[in-house]
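Peer 1: Predicted model follows, preceded by the sequence.
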Amino acid sequence: MISKKLIDKLIRRKPFVTLFQASAPGFSRCAKCGLPWKYADGHDVNYTDSRSFFVMCRYCWERATNEEIDKAIQELVESWGTDSGYTLQHYLQCAMMDKAGNPLFVDEYK
Ligand SMILES: [Zn+2]
């Protein structure tokens, strides 16, 4: 029997990722492995008590370095333009606290 972990690892190999991307035009993707959101669940990072963003799938979030996360968030925030309402520093801080296991904002209704 193939474990979920192995499947998770296998589908993030380039030929598979390319296939998944081709079959999901228009979907944005995990910043680390490139899987479209049609096939991967993003790891939510809360930046207020009711709003969140995601830059990586759950698999990649677990394995990403702080530098990889910082870079992905920077690119996301830049893609939003200048009127997102919060500073880049705020998003980075929320992500680092989440990565450390202490999210700044916990949605009690989830
Ligand atoms: Zn990923």
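Peer 2: Yep, it's here. Just so we're clear, the structure is a prediction, and the values are computed from it rather than from any experiment. Numbering: from 1, shown residues only.

Peer 1: Any stretches of the chain with poor pLDDT?
Peer 2: Applying pLDDT under 70 to the chain flags residues 106-110.

Peer 1: and the top helix by length along it, how far out from the chain's middle?
Peer 2: Longest helix in the chain, counting residues (DSSP state H): helix 66-80. From the chain centre to the centre of helix 66-80 is a distance of 10 Å (CA atoms, centre = their mean, to the nearest Å).

Peer 1: and if you look at stretch 44-57?
Peer 2: 9 Å.

Peer 1: and that stretch, which residues are buried?
Peer 2: 44-47, 52-57 (16 or more other CB atoms under 10 Å). To be clear about C-beta, it is placed using only N, CA and C from the backbone, and glycine gets the same treatment.

Peer 1: sorry, back to before: next structured bit after the longest helix of the chain?
Peer 2: Next helix or strand after helix 66-80 toward the C-terminus (DSSP states H and E): helix 88-99.

Peer 1: And for that next one, what's in contact with it?
Peer 2: For helix 88-99, the surrounding residues in contact (CB atoms under 8 Å, 6 or more residues apart in numbering) are 45-47, 53, 61, 64, 66, 69-70, 73-74, 76-77, 103-105.

Peer 1: In PyMOL, how would I select just the buried ones from these?
Peer 2: In PyMOL syntax, the buried subset of the contacts of helix 88-99 is picked out as below (16+ other CB under 10 Å):
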select buried, resi 45+46+47+53+61+64+69+70+73+76+77+103+104
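
Peer 1: which residues touch the spatially most central residue of the chain?
Peer 2: When CA atoms, centre = their mean is applied to the chain, the residue found nearest the centroid is M56 (2.0 Å). Applying CB under 8 Å, 6+ apart to M56 gives the contacts 30-33, 42-43, 64, 69, 72.

Peer 1: This completes my enquiry, with thanks.
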